[in-house]
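1. turn this into a structure:
(2 chains, ligands or ions: 2)
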Amino acid sequence: MSRTLIAGGRVIDPSQKLDRVTNLLIEDGRIAAYDVAPNGQDLTIDARGKIVAPGLIDMHVHLREPGREEDETIKTGTAAALAGGFTSIACMPNTEPPIDTQAQVEFVQHQAALAGHCNVYVVACVSKNREGKELAELGQLVQAGAVAFTDDGSPVYDAELMRRAFEYALMFDKPILNHAEVRELTSGGVMHEGLVSLLLGLSGMPAAAEDAMVSRDIVLAEATGGRIHIMHISSGGSVEVVRRAKRRAVRVTTEVCPHHFTLNDECLRSFDSNFKMSPPLRSASDVEACIAGLVDGTIDVICTDHAPHALEKKMQELDQAPFGIVGLETALGLVGTRLVQAGHLTWPQALEKMTINPARVLGIDKGTLAVGADADITIIDPDRRWTVDTSRFASKSSNSPFAGWVLTGRADTVIVGGKVKHQAERG
Amino acid sequence: MSTEVGEASTMSAAWTRRHLLGLEDLSAEELILILDTAASFKEATGGCKKKLPSLTGRTCANLFFEPSTRTRTSFSLAARRLGADTVDFSSSGSSLSKGETFIDTAKNIEAMGVDVVVVRHRTPGTPHLLAQNLACSVINAGDGPHEHPTQGLLDIMTVREQLGRIDGLTVALVGDIAHSRTARSNIWGLKKLGAHVIVCGPSTLVSPLWREVGVEVSHNLDAILPRCDVLNLLRIQFERQTTRPFPSVREYAHLYAMNRERLAKAKEDILILAPGPINRGVELTPEVADGPHSVILEQVTNGLAVRMAVLWLICGAL
Ligand SMILES: [Zn+2]
Ligand SMILES: [Zn+2]
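-> Ligands and ions are numbered 1, 2, ... in the order given. Below is the predicted model:
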């Protein structure tokens, strides 16, 4: 029987509304007991001055394998997750081929097991071949282990297909995750439509393109009783639409990425393609609205939308460069710096959106330090100041707009199933 | 080198830029320096007809990723009037050799010993990326709808030459503001030199957000016309429009084309510019284009003078 004691840390577990300094005992890969005194355990981890949290969950990651191994593999992507403090991630199905069959789900699970880094949950396609025409075999995908459905990269465009997806997924109580974008309004777009796009002469992607699709999805979820999870919310209008829907008890949840509560469209003045993502960096007032949504609970989850692209793809003209940035290794530092240090959220509030909330959206048994739970634990050094050095990323790609940023807060020790899987470098 | 240009060269102590990427970043002093230098060159070369070999041994590369005969020819001629060597690289669209980025292409060209790269590209910001990645100088010869600084400068030079000043003038830019790099360069340059700028055209092509940078916005040409000292008629860029921003060319011409009837309502000495190539009958009718208020051909000569000035200042700053 292997026993590890995490001693003297501030244990924050929002699932139990727990926030106190205590010792935590792990036995055989599970949370065994609290308030245990040091007494001949196999390993004692000194967590004084640190936060002991349930292992962080990132429910929006693009691992790229199969098909685009030049950008990322399941092995490198899960290593990046560990380096960023994540013990569980959910990966998106817009691979080549897309994850729309049982065999594809099993392939990802197999590769993830081989890599042996963090837990990987598969989000499978809503539609066959991600074409937006007919439903994928959702029932069989659930059987294989799919935790949710999305055609991310693209919206589920056809309203009838979306309605059917809501109705059908209800049988399995699975949410539909939608990338909300009315494509007619964003065609050729490179950045948020507003004063900055006007001055730069760059084609815009108006906030209305997101708001209109968010509104449609909520109406359809309400009509069917289905579960909608709005992916990577970025506009103040959409936050307000979700806020009102929640008041009506529509089954809606939403997530925001660190770049959308940190950066705005002014960044595009540099013409650097590391500021190009979809949805785009919006105006300063949208950034404020996202933070307000995090504060009042409208936004349930913080995720990364980790989207690796090899350097040569991003080193193109702004209209040719692909959308997206890597995020796994900077998310926690940005949460610490932009949300906690800035005084918007407390650590318990922030961690709730990175642990139990995504676990509940996906219906997975994670995100808690309750006795008996899997010992997935992230020990965070909340005061650690560090400089983002993309050359040291575990990810295969380095397309980050945060290179050179000094952040506060970093994962110190990452434990998956009771085993220490990552230890931050000192100094 | 003539005395006039010699005088300009003492002023060029103020010029420190290695690149000319847009007029948004330039100060009024820098704009005036370019305009004065261009005027000196124009005079010293008898209207840009004679050579003035002050850049002998330098090489300018025209790197055009978008077809353009006028601007490329004007830059080549300007460089050769100054005694520089020129090389032309044209590549339409993104049809570069496989796997090679435009930065690789530019670096290859730079490696041939080029001092200045003149770049035209359909995508805003491309000259800026080259400036960050190359050791040589970069001149923006038009980056999508963003900026076309030498076009803005030659328009402003023409106005200044004809009316003697910029400060206090009311200048209307009429037409497809949304897709016009000429409009953006004119706006920055004119405003810095004290003009009142109006952007006028259909509401689908003229955003109300322009007001936020101190530009007047109008959708009614007839209403603003009596106040204008200068009209700059911008070409409708059908090729850049993804959706039709107005119902028909006929309707556009009805609302915005400069014709004889409208001219009668304008100031007597109104100046009419058109950056060309124009759609005759759409932005303006032939009798206006070829009439006494039009300075379209003068713009072409001034384009040469401005490009000589810019090349000379930038090479001096190398
Ligand atoms: Zn997406
Ligand atoms: Zn995504």
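2. can you list the residues of the stretch 51-200 of chain A near chain B?
-> A:S187, A:G188, A:G194, A:L195, A:L198, A:L199, A:L200 (CB under 8 Å from any CB of the partner chain). Backbone N, C-alpha and C define where each C-beta goes, glycine included.
3. out of these, who's nearest ligand 1?
-> If you rank those by distance to ligand 1 using CB to the ion, A:S187 comes first, at 16.4 Å.
4. pLDDT wise, what is the closest one at?
-> The model reports A:S187 with a pLDDT of 94.
5. count of neighbours near residue 206?
-> With no chain named, the answer covers chain A. By the criterion of other CB atoms under 10 Å in any protein chain shown, A:P206 has 20 neighbours.
6. you answered for a different chain; I wanted chain B.
-> Around B:V206 there are 24 other residues, counting by other CB under 10 Å.
7. what backbone torsions are found at A:N178?
-> Per-residue torsions, A:N178: phi -120, psi 140 (degrees, to the nearest 10).
8. list the contacts for it?
-> Going by CB atoms under 8 Å, 6 or more residues apart in numbering or on different chains, A:N178 touches A:T150, A:D151, A:D152, A:P155, A:V156, A:M162, A:M213, A:D217, A:I228, A:H229, A:I230, A:M231.
9. ramachandran angles for the last one?
-> It refers to A:M231. phi -80, psi 150.
10. ok, now how distant is B:C228 from B:K267?
-> Separation of B:C228 from B:K267 (CB to CB, to the nearest Å): 7 Å.
11. mind checking which of those two has more residues around it?
-> Neighbours per residue (other CB under 10 Å) separate B:C228 from B:K267, with B:C228 holding more: 22 against 16.
12. does that one touch B:E268 like I think?
-> No: counting by CB atoms under 8 Å, B:C228 does not reach B:E268; the two are 11.9 Å apart.
13. and chain A, which residues reach ligand 2?
-> By CB under 5 Å from the ion, the residues of chain A that approach ligand 2 are A:D152, A:D305.
14. how about stretch B:61-76, does it reach chain A?
-> No: judged by CB under 8 Å from any CB, stretch B:61-76 stays clear of chain A, getting no closer than 8.5 Å.
15. how long is that stretch end to end?
-> From its first residue to its last, stretch B:61-76 covers 9 Å (CA to CA, to the nearest Å).
16. and chain A, which residues reach ligand 1?
-> A:D152, A:H179.
17. strands along the stretch 201-318 of chain B, start to end?
-> B:216-218, B:230-233, B:271-273 (DSSP state E, counting those that start in this stretch).
18. what about the closest residue to chain B within the stretch 151-300 of chain A, neighbour count?
-> Going by CB to the nearest CB, chain B is nearest to A:F271 of the stretch 151-300 of chain A, at 2.9 Å. Applying other CB under 10 Å, we find 25 residues neighbouring A:F271.
19. then A:M315?
-> 18.
20. A:I218 contacts A:E240, doesn't it?
-> No: assessed by CB under 8 Å, A:I218 is found out of contact with A:E240, at 11.5 Å.
21. where does the stretch 1-150 of chain A dip in pLDDT?
-> Residues of the stretch 1-150 of chain A meeting the criterion pLDDT under 70: none.
22. what about the strands in it?
-> Assigned by DSSP E, counting those that start in this stretch, the stretch 1-150 of chain A shows strands spanning A:3-13, A:18-27, A:30-34, A:43-46, A:51-54, A:56-61, A:86-91, A:119-124, A:148-150.
23. now those as a markdown table including mean neighbour count?
-> Formatted as a markdown table, the strands of the stretch 1-150 of chain A follow (neighbours: other CB atoms under 10 Å in any protein chain shown):
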| stretch | mean neighbour count |
| --- | --- |
| strand A:3-13 | 22 |
| strand A:18-27 | 18 |
| strand A:30-34 | 17 |
| strand A:43-46 | 16 |
| strand A:51-54 | 28 |
| strand A:56-61 | 30 |
| strand A:86-91 | 28 |
| strand A:119-124 | 25 |
| strand A:148-150 | 27 |
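24. which stretch among the ones you listed comes nearest A:G336?
-> Set against A:G336 and scored by CB to CB, the strands of the stretch 1-150 of chain A come closest in strand A:51-54, at 9.8 Å.
25. okay, and the residue nearest to the spatial centre of chain B sits in which element?
-> Of all residues in chain B, the one closest to the mean position by CA atoms, centre = their mean is B:Q151, 1.0 Å from it. In the assignment (DSSP states H and E), B:Q151 maps to helix B:149-163.
26. what packs against that helix?
-> Using 3 or more CB pairs under 8 Å, 6 or more residues apart in numbering or on different chains; DSSP states H and E, the elements in contact with helix B:149-163 are helix B:28-44, helix B:70-81, strand B:137-143, helix B:181-192, strand B:230-233, strand B:271-273, helix B:296-316.
27. how distant is that helix from the center of its chain?
-> Chain-centre distance of helix B:149-163: 8 Å, with CA atoms, centre = their mean, to the nearest Å.
28. ends of stretch A:177-188, how far apart?
-> End to end - CA to CA - stretch A:177-188 spans 24 Å.
29. one step back: and the residue of the stretch 151-300 of chain A closest to chain B, how far from A:L318?
-> 6 Å.
30. who touches both of those two?
-> B:P124, B:G125, B:T126.
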